[in-house]
Each structure stands twice: as structure tokens, then as C-alpha cells.
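S.K.: let's see this in three dimensions:
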Amino acid sequence: MASTRSESTLVSIGSPRRRAVASALATALLATLTPAAPATAATAAGPSSTQQAAAGPSSVRQAAAGTVKVRGQVNRPRSFTMARLRGLPQHTVRVRYQTSHGAEKHTFTGPLLSDVLQLTEPRIDPDVKNAQLRLVVTATGSDGYRAALAWAELDPAFSGKKVLLAVTQDGAKLDEEGPRLVVPGDVKGGRYVSGVVRLHVGDTDALDPA
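M.R.: Residues are numbered from 1 along each chain as shown. Modelled structure (predicted):
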């Protein structure tokens, strides 16, 4: 009780400035004498700042998976959901390629990458002979992995590979990870980009201007 009376006396006398200072000191003193409240279950179970930082990029990747943005040298930049990709003509390819774990064989189904890109109307200069052969398509996965293809690999008038943006692998839907780039004929699977989230159409002239 003596401690309480002393605090009341400090608050009631002196100038307003002194009373404010005295009140703050009294509050701080009481805080040091009051035992800390036990951590709640929610606090104890909450992730650490390190865990939150680690979860951030993963959450972003999961949110982005399943939608492919097409940008670059196109007249109509677009985004394609898995449902929209399934709405395009579907093709099936059976492939075999080498990985760091040995040979793999899979069956993929999905639209041709060339069909997807045509919907974005790539800008091709009609006054330049075979201007489309200067185009490069870059595919980026949700983890940042990236690989490129020359336009001639996709164009039916040239190589015409059945490069897919696959929505199923061996009959299983790829909804969780997103579409996969499939490049039949590649000996190694390095260009089989998983969880494609971005396609970029670019002109090699921008890389090596005349």
C-alpha cells in the first residue's frame, strides 16, 4: 500500500510536465514488478521470422503455379490458366530423355506451344526475309529455372517439333505444379521446364544489334 500512496502523490503534485514524467516512471516500475504473462498457444506455435522468410518465396510460387503469362514481342500479351490451356487442341507425345537420375520415359498431353503463342500475335516484320527465324522463346519456371527455344523449332514450316505446354503427365493432371514444357527429340531433359509461369518472345536483334 505504501508504494501505491507514493505513486498517487507523485502524480498529484508538481507541474503537468513533472506529473507526466512521474506517471511514466511509476508505470515502468509496475511493469518490472508484474510477472510476464505465459506465451499463448498461438504465440508458441507461430513460425519464426526465419521460417516466414523461407515460406514467402514458396507461397509466391504456389500462387503463381498454373497461370502462364506471355510477354515480349507480341501484340496481345495474355495469361493462360490451366483450364484455358485445356481448352486448346490437345496433343499427346511419348518421350524418352536422360536426366541426372538416368533415363526417363513419359507420356505428356497438352496444347502445342506454337498454338499458344499464335494467340498472342507475335510481331514479325513482313519486310524482313524469314524474320520469324530471329525470334527466341524463353520459358521460365516457378522456381526461376529457364530455357530457350528458337522459333524455327516450333514453326511447322521449318523444324515443326511438337513442343507442348503439357497439362498432364502419364495421365495425371499437372494442376498443382503448373504446365510443363515438353521438347520431343531432346536427348537430355534440361529444357523440360516444370511449372512454367512465363513465356517471353524476343528478337535476337535486341541481343546482337547490327
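
S.K.: separation between the closest residue to Leu88 other than its chain neighbours and Arg86?
M.R.: Nearest in space to Leu88, with sequence neighbours left out and distances taken as Cβ to Cβ, 6 or more residues apart in numbering, is Pro111 at 3.8 Å. Where you see a C-beta, it was placed from the backbone N, CA and C, and this is true even at glycine. Applying Cβ to Cβ, to the nearest Å, the value for Pro111 to Arg86 is 8 Å.

S.K.: mind checking which of the two has more residues around it?
M.R.: For Pro111 versus Arg86, the count of surrounding residues by other Cβ atoms under 10 Å is larger for Pro111: 22 against 17.

S.K.: can you list the domain ranges for this protein.
M.R.: 2-33, 59-207 (automatic domain parsing).

S.K.: turn the ones you listed into JSON lines, columns for mean pLDDT.
M.R.: Putting these into JSON lines (pLDDT from 0 to 100) gives the following:
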{"stretch": "domain 2-33", "mean pLDDT": "44"}
{"stretch": "domain 59-207", "mean pLDDT": "93"}
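
S.K.: out of those domains, which one sits most buried?
M.R.: Mean neighbours per residue, mean count of other Cβ atoms under 10 Å, is largest over those for domain 59-207, with a mean of 17.

S.K.: hmm, who's touching the host helix or strand of Thr109?
M.R.: Following DSSP states H and E, one finds Thr109 within strand 102-110. Residues outside strand 102-110 that contact it (Cβ atoms under 8 Å, 6 or more residues apart in numbering): 85, 90-98, 164-171, 179-180, 182, 189.

S.K.: circling back to that earlier point, what about the residue nearest to Leu88? Give its phi and psi, please.
M.R.: phi -80, psi 160 (degrees, to the nearest 10).
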